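> A predicted structure for the sequence below; I have some questions about it.
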Amino acid sequence: MSGPVVVRAQGFQEAFQQAIQGGGLQSVILCKLDGSLISYTATSEREAQIPAAIAANVWTSALSQKESIGAEDPEYMLVDAESGRLFVQPAADLLLCLVAQQNVGFGMLRLKAGALLACIASPLRDLAIK
């Protein structure tokens with residue numbers, strides 16, 4: 001049984017690298033709803049796996065709860081922790097996760113996520129086709 005396939009597609013990596021330049025972002029992660037990594041910009045795979053697992057767990061929990069109360073799908077989620085901040089937003093059938101320092105505002109994370117989604121729209125479509 002092989003491990004998860006991590007796609008380091010040029011379209012994702014260029015956009016992710018650009019996003020973490022300055023501004024307090026520590027990593028950018030694209031993962032499946034089960035938390036498995038698709039692409040990431042982080043210092044190590046382990047550094048990307050932990051926030052991806054947290055994001056997937058929080059996202060799927062929110063989706064299951066919203067069904068029981070008849071709410072709509074969330075547009076994004078924000079997680080504030082002692083170690084930093086995690087912003088999670090759906091990207092096609094995947095999750096885009098931004099990991100940031102504690103001092104980065106959630107509004108800034110939302111703006112960065114929107115810009116990133118615009119930049120990776122084409123590689124996302126290509127990934128969905130494959």
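That came in fine, so what should we check first? Quick caveat, the model's predicted, so the values are computed rather than measured.

> test my guess that residue 90 contacts residue 96.
Yes: the criterion here is Cβ atoms under 8 Å, and residue 90 meets it with residue 96 at 7.5 Å. The C-beta positions use only the backbone N, C-alpha and C, and glycine is treated the same way.

> more crowded one of those two?
residue 96 (25 against 17; other Cβ atoms under 10 Å).

> what helix or strand is that one located in?
strand 94-100 (DSSP states H and E).

> relative to the whole chain's centre, how far out is stretch 113-122?
Its chain's average C-alpha position is 12 Å from that of stretch 113-122, according to Cα atoms, centre = their mean, to the nearest Å.

> stretch 117-130 now?
14 Å.

> ok, stretch 57-71 next?
Centroid separation for stretch 57-71 versus its chain: 18 Å, with Cα atoms, centre = their mean.

> output the below-cut-off pLDDT ranges for the protein.
Applying pLDDT under 70 to the chain flags the ranges 1-11, 67, 128-130.

> residue closest to the middle of it?
Nearest to the mean C-alpha position of the chain, by Cα atoms, centre = their mean, lies residue 97 at 1.8 Å.

> verify the stated contact: that residue with residue 88.
Yes: between residue 97 and residue 88 there is a contact under Cβ under 8 Å: 5.3 Å.

> shared neighbours, the two?
For the pair residue 97 and residue 88, residues contacting each of them under the criterion Cβ atoms under 8 Å, 6 or more residues apart in numbering are residue 55.
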